[in-house]
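take a look and give me a structure for this.
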Amino acid sequence: MKTRFVSAARALAWTIAVLAVMVSLTGCAPKLYSIDMRYTPTKVVPPAQNDGRKYSLTVAAFVDQRKMEDNLLLGRVIESDGTAIPVLPKYVKAADAVAQALREVLTRAGYSVSPVKPAWDLQEATIRPEWGTLLVGGSIDALDVTCVESLTMKKYTAKVRVSLAFADVRKKRIFYRITSESSASLDHIVFSEEKMEEQLNGALSDAIEKVLEGPETANRIREALK
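Numbers count the residues shown, from 1 in each chain. As a prediction, this is how the structure comes out:
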């Protein structure tokens with residue numbers, strides 16, 4: 001997946017480098033954490049109830065609706081003295097990582113997912129005919145990972161909540177909306193970026209998998225394809 005997002009990774013690396021330079025100019029050593037946000041399967045995804053390979057399903061970039069000043073931020077490490085250290089994405093922004101996770105889950109379920117990755121504002125009027133048969137977009141309502149350090153223990157918590165909209169491209173009609181959320185936590189004596197990464201990716205993956213876990217989403221897609 002890293003090679004797929006080379007441009008995005010370079011852009012993020014540039015942003016982190018600029019932040020480091022700005023901090024160094026103030027005479028302080030820069031301190032940041034970064035994690036690789038990606039889909040990590042947590043369960044078996046049920047197969048599509050129809051031959052999804054016959055249809056072109058397009059996943060749009062997600063809209064980041066988190067109530068925060070900088071949507072590049074994924075979370076913070078709160079040190080024992082109360083200092084908050086920001087956690088940033090290592091390769092891709094949250095909106096791109098969530099969309100990619102959804103693409104992977106739909107592919108595992110047997111749907112034919114288009115390589116097209118449009119920007120969509122989740123409005124029916126802006127659906128374009130070249131976006132295949134079905135269009136899926138969504139918003140990030142909550143996404144955060146935090147590690148609170150004490151002298152004896154590190155407490156990791158992560159939460160993800162996303163809202164999805166499924167649309168019939170030909171009719172320019174949203175036929176199904178669903179919200180899914182998940183959380184994860186871990187108490188450990190050791191701090192590491194990898195443990196933060198595991199908690200956030202676990203919450204993200206579980207939230208996305210829940211969208212296809214029950215029969216409702218598959219039934220709505222099947223009805224729309226009739």
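
can you pull out the strands in this protein?
Counting by DSSP state E, the segments of the chain that form strands are 33-35, 56-59, 63-64, 75-78, 84-89, 112-113, 134-149, 154-168, 173-188.

pick the most buried one from these.
strand 56-59 (a mean of 24; mean count of other CB atoms under 10 Å). Backbone N, C-alpha and C define where each C-beta goes, glycine included.

tell me the contacts of A95?
Going by CB atoms under 8 Å, 6 or more residues apart in numbering, A95 touches 61-64, 71, 140.

before we move on, the earlier item: so which of the strands of the chain is nearest V44?
strand 173-188 (16.5 Å; CB to CB).

elements contacting that closest one?
strand 154-168, helix 193-213, helix 215-225 (3 or more CB pairs under 8 Å, 6 or more residues apart in numbering; DSSP states H and E).

save the strands of the chain as CSV, and put in distance to D96 and mean pLDDT too.
As requested, those are exported to CSV (distance: least, CB to CB, whole Å; pLDDT from 0 to 100):
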stretch, distance to D96, mean pLDDT
strand 33-35, 14, 95
strand 56-59, 11, 90
strand 63-64, 10, 96
strand 75-78, 17, 96
strand 84-89, 9, 96
strand 112-113, 15, 91
strand 134-149, 11, 97
strand 154-168, 13, 97
strand 173-188, 18, 97
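
as TSV, the ones you listed with distance to Q100 would be great.
Shown next, in TSV, are those (distance: least, CB to CB, whole Å):
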stretch	distance to Q100
strand 33-35	15
strand 56-59	8
strand 63-64	14
strand 75-78	19
strand 84-89	12
strand 112-113	10
strand 134-149	12
strand 154-168	13
strand 173-188	16
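
can you tell which of the ones you listed is closest to L225?
Taking CB to CB, strand 134-149 is the member of the strands of the chain nearest to L225, at 7.5 Å.

adding distance to L134, write the helices and strands packed on strand 173-188 out as CSV.
As requested, those are exported to CSV (distance: least, CB to CB, whole Å):
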stretch, distance to L134
strand 154-168, 7
helix 193-213, 14
helix 215-225, 7
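
tell me which of those sits nearest to L106.
Among the helices and strands packed on strand 173-188, helix 193-213 comes nearest to L106, with 7.5 Å by CB to CB.

what angle do the closest one and strand 154-168 make?
Per axes from the mean of the first three to the mean of the last three CA atoms, to 10 degrees, the angle that helix 193-213 makes with strand 154-168 is 30 degrees.

would you check which pair of the contacts of A95 lies furthest apart?
A61 and N71 (12.6 Å).

centroid-nearest residue for the protein?
V98 (2.1 Å; CA atoms, centre = their mean).

ok, for that residue, nearest residue in space, not its chain neighbours?
Spatial nearest neighbour of V98, excluding adjacent residues (CB to CB, 6 or more residues apart in numbering): F62 at 4.7 Å.

my guess is that neighbour meets D141, correct?
No - with contact defined as CB atoms under 8 Å, F62 does not count as touching D141 (10.2 Å).

shared neighbours, those two?
With CB under 8 Å, 6+ apart as the test, F62 and D141 both reach V162.

distance between the ends of stretch 44-63?
27 Å (CA to CA, to the nearest Å).

can you pull the pLDDT of G132?
Looking at G132, its pLDDT is 88.

I figured it hits V169, correct?
Yes - contact status for G132 versus V169: in contact at 5.9 Å, counting by CB under 8 Å.

common neighbours of those two, please.
Common neighbours of G132 and V169 (CB under 8 Å, 6+ apart) are T58.

so A158 makes contact with V145?
Yes - using CB under 8 Å, A158 makes contact with V145 at a distance of 4.2 Å.
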